[in-house]
Every structure is written in C-alpha cells, then in structure tokens.
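A.B. asks: Show me the folded form of this:
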Amino acid sequence: MEGADDAGIGLGDKEATLGRHLARRLVEIGITDIFTVPGDFNLTLLDHLIAESRLKNIGCCNELNAGYAADGYARARGAAACVVTFTVGGLSVINAIAGANSENLPVICIVGGPNSNDFGTNRILHHTIGIPDFSQEYRCFQTITCYQAVISHLEDAHEQIDRAIATALEESKPVYISISCNLPDIPHPTFSRDPIPFSLVNSSSNKAELDAAVEEAKNFLDKAVKPVLVGGPKLRVAKAKEAFAELADASGYALSVMPSGKGMVPETHEHFIGTYWGAVGTSFCSEIVESADAYLFAGPIFNDYSSVGYSLLLKKEKAIIVQPDRVVIGNGPAFGTVLMKDFLEELAKVITKNTTAYENYHRIFVPDGLPSPPEPNDPLRVNILFQHIQKMLTSDTAVLAETGDSWFNCQKLKLPEGCGYEFQMQYGSIGWSVGALLGYAQSIPDKRVIACIGDGSFQVTAQDVSTMIRIQQKSIIFLINNGGYTIEVEIHDGPYNLIKNWNYTGLIEAIHNGEGNLWTAKVKCEEELIEAIATATEKEDHLCFIEVIVHKDDTSKELLEWGSRVCSANSRSPNPQ
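C.D. replies: Numbers count the residues shown, from 1 in each chain. Below is the predicted model:
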C-alpha cells in the first residue's frame, strides 16, 4: 500500500484518514463494491473510499436502487455497503434498508452528514426539513437498523465504525453510519496503522441446553410414524444450510422448503418433495406435510403471505420449531442458547432413519402435466415461458424473482445443484428486483443471473438497468408485460391496478444509447421466445433484455388461489369489542 512502511504497519498521511480506514474495514469483511449516489455531504468521503484500489464504486441512479443493490449483494457476499447523502438520500434509501432488515442482511448504510461544526447550533441547513434539529434521519434509522453511529468527532470515529460493522456481522442486520462531511480526509493518529483484524464474538451453544434439546427432539421424532423436514428462510442467517442437508441425509425424512426458503434446501436431494406453501405449494407436498405426525421446521417465518392467509393446517403439538438460537418442541420445553447449526448437526448424529413419509409421497405422487402445446404463432402463455426458463437453468446460473406472479412461477422451477435463487418475500417491496439484480449479479460474477420481473414492478425502479449496462453485467432479464399490477388484481381489483403500457424494449434501447453491450428482443409467441433465448444464451458478454408480451389475465393458478385467501384474510371484520 502506498505510504506503508516495510512492515506494512505504518501509513502515510493520505492513508491515515477516516475515509481510508472505513474503506479498509469494508474490504476486510469481503466487500469489493460499494453502491453510491453522490451528494455534497458525501463527496469527500467518496474520494477516500474509491482511493482504496480494492474497492469499486458503482454509482446508481437513485438511492432506493443503491439500497436494493446492497441487499442483493449481501445475499451472496455476506455483507454489503451503500453510500448516500444526508436526509434526502438517507430517507430515500430507507425503504431498501427496511427490506434488508426483514431478510436479515448485514447492509452497512453510510451517510455523508453535516459539517461537525453545525451540530448544536441554531443553523438551518439544506437537505433538511428546515429546522435546526438534524436528528430526523437518525431517528428513522433507529427503527430499522440494529446499530446507529453518528460520527462528528475524529477521536471516537475508529471505535464507532468498528462497532457498527461488527454489530452488523454479528446480528446479520443493517446498520447506519453518519459521517460529518468535513472529517473523512483529515489525518488522525487512530488511523495511522492498518486496522487490527476484527475480533468478532462468535456465539456458541450452551452445551447442557444443546444436549437436552437434542435428546428431547430425538425422542419426539422417534415416536412419530411419518415425520417430515421443512426448511425456512432463516437457514441463511443461522449459517445452517449444510447442517440441514446433513440432517436430511441422516433422517431419511421427506424434505420440503417454505417458499421464502427456496434456494436454501438442496432440490436435487433424493427425498425432496417440493415447496410447502399450503394450498398453493407443490402438488402433494402440503398433503404429506400436514398429514405428518411430526414436523421439524428449521428457520421458518410464518406470516399471512407464507401461510396463505393463515390457512395452513399445522398443529403446534406436532412441531419442532428451530430458530437461529432457540428450539421449541411441541407444546413442551423450549431451549434457549442453542444455535441452529449445532442442533441440526448433533441431531443428525443420533436420529433414527425413517423414510415412511417419503414412501407415502412416492406412492401418491403423480407428475405434473406439461402445458398444452400452442399452435404455431399462438399468443405466448406464461406457463410456456417458464417451461423454457426451466431448460436454461444450470449450476452456472441463478434466478432472481420479483414480487408478483413471478413468486409463484419461479417457485415451481426445479433448481439444479449450484443454481442460486433469491427473492424478497417477507417485505415484498415491488421494484426490489432491479436494484437487487444489479447487486446480486455483481456479487457472483461467475454465474449468469436470470431475472423475472413484472411490468408494474419494473416501472418503479427501471433506471438502474443503465448501471448494469455501464458496468458490463451479463444478466438476462425477462420483462413480463401483462399490463398491470397482476398480484394486486388477484387480491383486490380496481382501476388503480392499471398502469400505462410502455415500450419497454424501446426504453432499454434508449437507455443503452449505443454505449455498452446490450441485446434486446420483444416476443409474442413461442417461436420468437425460443429464438430469443438461443440468442441471449450465445451473447454471454451482453446484458440481454427480453420483453415477453402476455395476456393481462394470464396468471398461475397458484396466484389465483393465494390472492383469494389473502383477500379473505385482509377483509376480516373487526373483532367484537
């Protein structure tokens, strides 16, 4: 490093600054790209961040997409960072940070703040709501981040930065760091050495609690005739995906996944039976799960969406619920200070193999039929589209699904080993996918990401396709143009669900403007789709955008069922007083 002494410890003045220290800390935790929107309060900070040769600046079109990009990046890299300016940027990015919180993603949201001399004065600053109190942004972030640092003095900046980043990693949640705009380039003794490596506190299970939980769970499951396993979304934050697969191998149980856990359970496993999503899950899966006399859920989230309007037929007394640091067995004991990974690994060592539930599934299983083939040049149907997307999937691809009917259609894709999969179900913010695709693709350059995005969602955040072209990404975007907010239509229809139709392909070509590698197509029938996919597959170094024209009422049967049940849950009458 320039300015370092022979031992690699001392740093010259240019490197001994707050900005360079923050850059080194981000690199240390595996971040090599930052997603930014410049503003006058963060410009000097950005100078010092991008002076770090191992850190690439990716300028985004707006703060919301920068936050979504950090969300997508953190899913594969384990951490991410975005940098925006005070209040107008901070309050714009806040929706994306809330979504990252719901998905347990350690996103470091960095804000360039006011000059340190302005705090505690009676001055009114631009980018504020016009009062001398500058705390609105900070107070908003308190509700959606696990740690907040406001750095207006150099003396404690080192500690605050380190504590914020360490807390993000330990709790797997977003954090907020505000840095006064006049501080990043001032040398200070606390930054004059390479940072000492993070000493993160590794949580550990209480041995006695762990042993008791494993013994109780083994007895509970061994008494069952047809137990099953169900993986949930918190397998990621618990770092227990491999341990869950070990338990599946050892137990022989029928293996399924909650919709929000797709991609975290090996779908190539011999006992995998599909997605457990009540009435809208994989055929025969819910019947096997709900008829079981014991089910172990690893890292579940039960909400109105995942429970299809609270219609799951589960009984607490039959369930073992394993959360990242807690195990609850039926109506009986609960064991705290037990890490999911440890519990699943230890249970796998002692569990009695039982293949009854899988054998029952195998007995009743009837393969799903193929969609009826279209006549030549018939209008393209969604089920035909996803039949062809299925054929594109390999270990070198990943799938990203936007909120909407793509939830249901992508859920039915069978993922080859090594194929990634991401979507945002808990927060369900439409528009998430464009920014998330930018970040996710950047974090896994060895895979080609296939994104399925509805037209309504795309209109929210379309701008950052520009960034994808500029930084030469190679994803394939299927823009499903059905003329409106179809998921909302199936919950509760009204004129507000109609949107202005765009020439999406023309828009993307205008954004391209002759600069960068882009290929587009607009398809209306299967023949055109087949040709477009073949070309996109060949153009490995291009961002490929395929606009798919389908009928406005062409939806999955699962969305129709799910929408009816969620509508029923939303429209329940008030309880009697």
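
A.B. asks: quick one: the helices in the stretch 51-200 of the chain?
C.D. replies: Using DSSP state H, counting those that start in this stretch, the helices of the stretch 51-200 of the chain run over 63-77, 90-102, 136-142, 157-171.

A.B. asks: quick one: which of those is nearest L518?
C.D. replies: Minimum separation from L518 across those (CB to CB) falls at helix 63-77, 18.2 Å. Quick note: C-beta positions are derived from backbone N, CA and C, even for glycine.

A.B. asks: buried residues in the closest one?
C.D. replies: For helix 63-77, a neighbour-count test (16 or more other CB atoms under 10 Å) marks 63-77 as buried.

A.B. asks: Stretch 292-302 now?
C.D. replies: Buried, per 16+ other CB under 10 Å, within stretch 292-302: 292-301.

A.B. asks: Now do it, average pLDDT.
C.D. replies: Stretch 292-302 carries an average pLDDT of 97.

A.B. asks: Reformat the helices of the stretch 51-200 of the chain as a markdown table; add mean pLDDT and distance to A208.
C.D. replies: Below are the helices of the stretch 51-200 of the chain laid out as a markdown table (pLDDT from 0 to 100; distance: least, CB to CB, whole Å):
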| stretch | mean pLDDT | distance to A208 |
| --- | --- | --- |
| helix 63-77 | 98 | 35 |
| helix 90-102 | 97 | 33 |
| helix 136-142 | 95 | 36 |
| helix 157-171 | 95 | 23 |
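
A.B. asks: Need the per-residue pLDDT for Y496.
C.D. replies: For Y496, the pLDDT comes out at 65.

A.B. asks: on that earlier part again, what's the closest of the buried residues of stretch 292-302 to A212?
C.D. replies: When the buried residues of stretch 292-302 are ranked by distance to A212 (CB to CB), L296 comes first, at 16.6 Å.

A.B. asks: tell me which element the closest one is part of?
C.D. replies: Using DSSP states H and E, L296 maps to strand 295-298.

A.B. asks: Neighbouring strands of that strand in the sheet, and parallel or not?
C.D. replies: strand 228-231 (parallel), strand 319-323 (parallel) (DSSP bridges).

A.B. asks: nearest to S283, of these?
C.D. replies: Across the strands paired with strand 295-298, closest to S283 is strand 228-231 (CB to CB), at 15.8 Å.

A.B. asks: And the strands in the stretch 401-550 of the chain?
C.D. replies: Here the stretch 401-550 of the chain has its strands, by DSSP state E, counting those that start in this stretch, at 420-423, 448-454, 476-481, 518-523, 543-549.

A.B. asks: quick one on the thing from earlier: for the buried residues of helix 63-77, name the two members farthest from one another.
C.D. replies: The span of the buried residues of helix 63-77, defined through CB to CB, is set by E63 and A76 at 21.7 Å.

A.B. asks: Now render the strands of the stretch 401-550 of the chain as CSV, adding distance to E103 and mean pLDDT.
C.D. replies: Shown next, in CSV, are the strands of the stretch 401-550 of the chain (distance: least, CB to CB, whole Å; pLDDT from 0 to 100):
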stretch, distance to E103, mean pLDDT
strand 420-423, 9, 96
strand 448-454, 17, 97
strand 476-481, 22, 96
strand 518-523, 30, 98
strand 543-549, 25, 97
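
A.B. asks: Can I get the ones you listed in JSON lines including distance to N117 and mean neighbour count?
C.D. replies: Listed next are those as JSON lines, based on distance: least, CB to CB, whole Å; neighbours: other CB atoms under 10 Å:
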{"stretch": "strand 420-423", "distance to N117": "44", "mean neighbour count": "22"}
{"stretch": "strand 448-454", "distance to N117": "46", "mean neighbour count": "25"}
{"stretch": "strand 476-481", "distance to N117": "47", "mean neighbour count": "25"}
{"stretch": "strand 518-523", "distance to N117": "47", "mean neighbour count": "19"}
{"stretch": "strand 543-549", "distance to N117": "45", "mean neighbour count": "24"}
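
A.B. asks: Kindly reformat the ones you listed as TSV and extend each row with distance to A217.
C.D. replies: Below are the strands of the stretch 401-550 of the chain laid out as TSV (distance: least, CB to CB, whole Å):
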stretch	distance to A217
strand 420-423	28
strand 448-454	38
strand 476-481	43
strand 518-523	51
strand 543-549	47
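
A.B. asks: where does the stretch 101-250 of the chain dip in pLDDT?
C.D. replies: Counting by pLDDT under 70, the stretch 101-250 of the chain contains low-confidence ranges at 120.

A.B. asks: Helices of the stretch 401-550 of the chain, residue ranges please.
C.D. replies: 405-411, 432-443, 455-461, 465-470, 486-491, 504-512, 526-538.

A.B. asks: mind checking which of those helices is nearest I34?
C.D. replies: Closest approach to I34 among these (CB to CB): helix 432-443, 10.4 Å.

A.B. asks: just the angle between the closest one and strand 448-454, please?
C.D. replies: Relative orientation of helix 432-443 versus strand 448-454 (axes from the mean of the first three to the mean of the last three CA atoms, to 10 degrees): 180 degrees.
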